[in-house]
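**Student:** predicted coordinates and the sequence they were generated for:
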Amino acid sequence: MNEPIRLLIHGASGRMGRALLRLCAEGGNCAVVGAVSRKVGQRVIDGVPQFASSELAGVPAFDVAIDFSLAEAFDPLLALCVERSTALVSGTTGLSDAQRAAIASAASRIPVLWAANFSLGVAVLSELVERAAAALPGWDCDIVEAHHAGKKDAPSGTALALGESAGQGGAVARYASLRTGDIVGEHLVQFAGIGERIELIHRATSRDIFARGALHAAERLHGRAPGAYRLRDLL
């Protein structure tokens, strides 16, 4: 059996971070060597060393960092991955143009995958949106997304990524956002013409699909050449 991939979980106290830690503990070809959060209480939880964000430079050796944190915490992690020549899988949303440019620059030195959504279904949806936009020139394109009341950024990173897919097909997307209840994630992409419309919908009912997708991406990204990868490249 292959040696387990050594993972650093960045943003470990968040919903995605907790899901990643739980799934790794349940088995699979991964070993979490460190969990990073803004603040630390216990130093070791379930055998996993805990580190505060201010202690990032002191984390042990790792093969891949998986990041679901906040935009303000992203830059130090990217710099650490470049310094240590390790792969980075990130789903942190709300990144600035400068941070996107930093990812592109880092991709010349390490393998990087940034995705707004790690659902395999959304990866397929993005392709369908691009194809529909190309096939329906002149149709209106609207993206409506809904998430739990605690989500800060709007439109969601996934909605913006779907809008980029629509743009690659020649459409200009408009956005609407809902923040309510405990919705994990819903995205509707609508193309409307005269007298007809097409709706492409993805609904997530469990956050585990995103964590499993991120773990899948980390396993596939480990050992690859430097570059900027998409989730669909690793399926």
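**Tutor:** Now that the structure is in, tell me what you want to look at. Numbers count the residues shown, from 1 in each chain.
**Student:** break this protein down into its domains, please.
**Tutor:** 5-114+208-234, 120-204 (automatic domain parsing).
**Student:** kindly reformat those as TSV containing mean pLDDT and mean neighbour count.
**Tutor:** Heads up, the C-betas are built off the backbone N, CA and C, glycines and all. As requested, those are exported to TSV (pLDDT from 0 to 100; neighbours: other CB atoms under 10 Å):
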stretch	mean pLDDT	mean neighbour count
domain 5-114+208-234	94	18
domain 120-204	95	17
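**Student:** how about the residue nearest in space to the middle of the chain, what does it touch?
**Tutor:** A centroid search over the chain (CA atoms, centre = their mean) returns residue 91, at 2.2 Å, as the residue closest to the centre. Each residue near residue 91 by CB atoms under 8 Å, 6 or more residues apart in numbering is listed here: 16, 67, 68, 114, 115, 116, 117, 118, 157, 210, 214.
**Student:** so which of those residues belong to helices?
**Tutor:** Counted as lying in helices by DSSP state H, out of the contacts of residue 91, are 16, 157, 210, 214.
**Student:** which SSE is residue 6 in?
**Tutor:** Assigned by DSSP states H and E, residue 6 belongs to strand 5-10.
**Student:** not counting sequence-adjacent ones, nearest residue to the residue nearest to the centre of the chain?
**Tutor:** Computed as CB to CB, 6 or more residues apart in numbering, the closest residue to residue 91 that is not its neighbour in sequence is residue 68, at 4.9 Å.
**Student:** that neighbour touches residue 14, doesn't it?
**Tutor:** Yes: here residue 68 lies in contact with residue 14, judged by CB atoms under 8 Å, at a distance of 5.8 Å.
**Student:** measure the residue nearest to the centre of the chain to residue 10 for me?
**Tutor:** 10 Å (CB to CB, to the nearest Å).
**Student:** intersection of neighbour lists for these two?
**Tutor:** Joint contacts of residue 91 and residue 10 (CB under 8 Å, 6+ apart) are 67, 68.
**Student:** SS state for residue 192?
**Tutor:** Under DSSP: H, G, I helix; E, B strand; the rest coil, residue 192 falls in the strand class.
**Student:** ok, it touching residue 140?
**Tutor:** Yes: the pair residue 192 / residue 140 is scored as a contact, 4.5 Å apart, by CB under 8 Å.
**Student:** tell me which element residue 228 is part of?
**Tutor:** Going by DSSP H and E, residue 228 is in strand 227-229.
**Student:** neighbouring strands - and their directions - for that strand?
**Tutor:** strand 111-114 (parallel) (DSSP bridges).
**Student:** just how off-centre is the next helix or strand after the strand it pairs with within its chain?
**Tutor:** Where DSSP H and E defines the elements, the next helix or strand beyond strand 111-114 is helix 120-135. Distance of helix 120-135 from the chain centroid (CA atoms, centre = their mean, to the nearest Å) equals 17 Å.
**Student:** got the angle between the helix or strand where residue 187 lies and helix 120-135?
**Tutor:** Element membership for residue 187, per DSSP H and E: strand 185-193. Here the directions of strand 185-193 and helix 120-135 differ by 10 degrees (axes from the mean of the first three to the mean of the last three CA atoms, to 10 degrees).
**Student:** would residue 101 count as being in a helix?
**Tutor:** Yes: looking at residue 101 with three-state DSSP, it is inside a helix.
**Student:** re the thing from before, need the contacts of residue 91 in TSV (columns: distance to residue 6).
**Tutor:** Formatted as TSV, the contacts of residue 91 follow (distance: CB to CB, whole Å):
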residue	distance to residue 6
16	19
67	15
68	18
114	21
115	21
116	26
117	25
118	20
157	27
210	21
214	15
